[in-house]
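Student: Model the structure of this input:
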Amino acid sequence: MTLEQIIKKLKSQANPKNVAGMARFGINSKNTLGVSIPIIRSLAKTIGCDHSLALKLWATKIHEARILAALIDDHKLVTTKQMDSWVRDFDSWDICDQVCSNLFDKTPFAWAKAIEWSRRKEEFIKRAGFVLMATLAVHDKQVGDKSFLKFFPYLRKEATDPRNFVKKAVNWALRQIGKRSLFLNIKIIALCREIQKLDSTSAKWIASDALRELREKSQKLAKK
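Tutor: Residues are numbered from 1 along each chain as shown. Model prediction:
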């Protein structure tokens, strides 16, 4: 399929009601068509892997085209330059999460970018750092559990960020790392207790919410 055919296909599935609904969930409505994720995923399967086309789709600035770009791109061809360029374009939590969990976390640069981006000031770039931590915990089956300990100082430091999309990503990262193994579960629970003591409303919520899930998970992991 050509770029023009894909854009025509996406526009044919446009749904203004979906756009309004997405906006209520904090998704940027600018350049958004309201096409559902299942439709985008189905289109991605039809297209297949195509790095060049992915770059062209991203350049259109259309919300759904950018999600599609992440689904069809070849992670083996993604460079740090592309990652830094795309992350600067993030203007919505769903774009951030889709790109990080479907593409960026498969690259060899994901671990370094997780730390680098978690230290940035921009809300969605910072979120991307913690989303990578969360998705690496789920998807990277080859790395040892101790590798995740390098994320702990950044999880603790940024837990005081009051911005909604940042604190939810920090919470997500804590929960996913803590569910990976009993070893990490114990370590993350201890970290959450430290975070809970910080003089920050955001930190207290992040830690308390994560602990509810992590304590339940610890019982299941201990039985394995």
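Student: Where do the domain boundaries of this structure fall?
Tutor: 1-73, 91-224 (automatic domain parsing).
Student: can you redo these as CSV with distance to Thr80 and mean pLDDT?
Tutor: Glycine gets a C-beta too; all of them are placed from N, C-alpha and C. Formatted as CSV, the domains of the chain follow (distance: least, CB to CB, whole Å; pLDDT from 0 to 100):
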stretch, distance to Thr80, mean pLDDT
domain 1-73, 14, 92
domain 91-224, 5, 95
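Student: Determine which of those domains approaches Thr79 most closely.
Tutor: With CB to CB as the criterion, Thr79 lies closest to domain 91-224 of the domains of the chain, at 8.1 Å.
Student: Touching the host helix or strand of Ala169 from outside, list them.
Tutor: Element membership of Ala169, judged by DSSP states H and E, is helix 164-178. Residues from elsewhere that reach helix 164-178 (CB atoms under 8 Å, 6 or more residues apart in numbering): 26, 93, 96, 123-124, 126-127, 129-131, 133-135, 137-138, 148, 151, 155, 158-159, 161, 184-185, 187-189, 191-192, 202, 205-207, 209-210, 213-214, 217.
Student: What's the local residue count around the closest residue to Gln98 other than its chain neighbours?
Tutor: Distance criterion CB to CB, 6 or more residues apart in numbering; nearest residue to Gln98, sequence neighbours excluded, is Ile67 at 4.8 Å. Neighbour count for Ile67, taken as other CB atoms under 10 Å: 24.
Student: which phi and psi does Ile67 have?
Tutor: Backbone torsions of Ile67, given as degrees, to the nearest 10, read phi -60, psi -40.
Student: wait, it sits on Ser92?
Tutor: No - the criterion here is CB atoms under 8 Å, and Ile67 misses it with Ser92 at 9.9 Å.
Student: Distance from the chain centre to stretch 160-170, please.
Tutor: When distances are taken as CA atoms, centre = their mean, to the nearest Å, stretch 160-170 is centred 13 Å away from the chain's centroid.
Student: buried set for that stretch?
Tutor: Residues 160-161, 165-170 are the ones in stretch 160-170 that count as buried (16 or more other CB atoms under 10 Å).
Student: Looking at those residues, which one is closest to Gln142?
Tutor: Ala169 (23.5 Å).
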